[in-house]
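S.K.: Test case, fold it:
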Amino acid sequence: MPSFDITSEVDLVALRNAVEVANRKITNRYDFKGTDARVEHADKLLTLFGDSDFQLDQMKAILLPEMTAKKVDVRCLEYGDLQKVGGNKVKQELKVRVGVEQELGKKVVKLLKDSKLKVQASIQGDAVRVAGAKRDVLQEAIALVKKDITDFPLQYGNFRD
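M.R.: Reported below is the predicted structural model:
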């Protein structure tokens, strides 16, 4: 029985490279001279430090295109709240979401069950396994999920015949 997995992966090396390039651009910009503006990368968490929320917006305007250029999907970012850090400094945390979360997995399974396609979908850890009788049905399932789930980057792989 053919099957495939729906996953959500982020290339952490490309993400680190994008953060380093963004930090270089931030230190070279004239409007950031003499400030403590920087982006820190720790595993699956990006932290933006700046003097004001305007500076954080400017830093995001530098970081997000760099991530896109390195083929990192920016939809995987979950924006945290703006936090005051002593004096007039602010910081914001951006969490990098990896893997299909439980809630999204349930949404995908429900979508496939409601579609009346002859496929079985099951949540397996941080992936959703979809199995069907024929390849054509699986391709229809991929097209349906791609059309309906647009707010989260999903990859379709591990195809088995």
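S.K.: okay, Asp51: pLDDT?
M.R.: For Asp51, the pLDDT comes out at 89.
S.K.: now Val137
M.R.: 90.
S.K.: Could you do the one 5 residues further on as well?
M.R.: According to the prediction, Ile142 has pLDDT 90.
S.K.: Provide the backbone phi and psi angles at the closest residue to it other than its chain neighbours.
M.R.: Spatial nearest neighbour of Ile142, chain neighbours left out: Tyr156 (5.2 Å); criterion: C-beta to C-beta, 6 or more residues apart in numbering. In short, each C-beta sits where N, CA and C put it, glycine included. Backbone geometry at Tyr156, expressed as degrees, to the nearest 10, gives phi -120, psi 110.
S.K.: Spit out the contact partners of Lys118.
M.R.: Lys118 makes contact with 132-133, 137, according to C-beta atoms under 8 Å, 6 or more residues apart in numbering.
S.K.: Would you mind measuring from the residue most central in space within the chain to Asp53?
M.R.: In the chain, the centroid-proximal residue (C-alpha atoms, centre = their mean) is Cys76; its distance is 1.2 Å. Look at Cys76 and Asp53: by C-beta to C-beta, to the nearest Å, they are 23 Å apart.
S.K.: Quick check: the residue nearest to the centre of the chain vs Leu112, distance?
M.R.: Using C-beta to C-beta, we find Cys76 at a distance of 22 Å from Leu112.
S.K.: now do Lys118
M.R.: For Lys118, the distance to Leu112 - C-beta to C-beta - is 10 Å.
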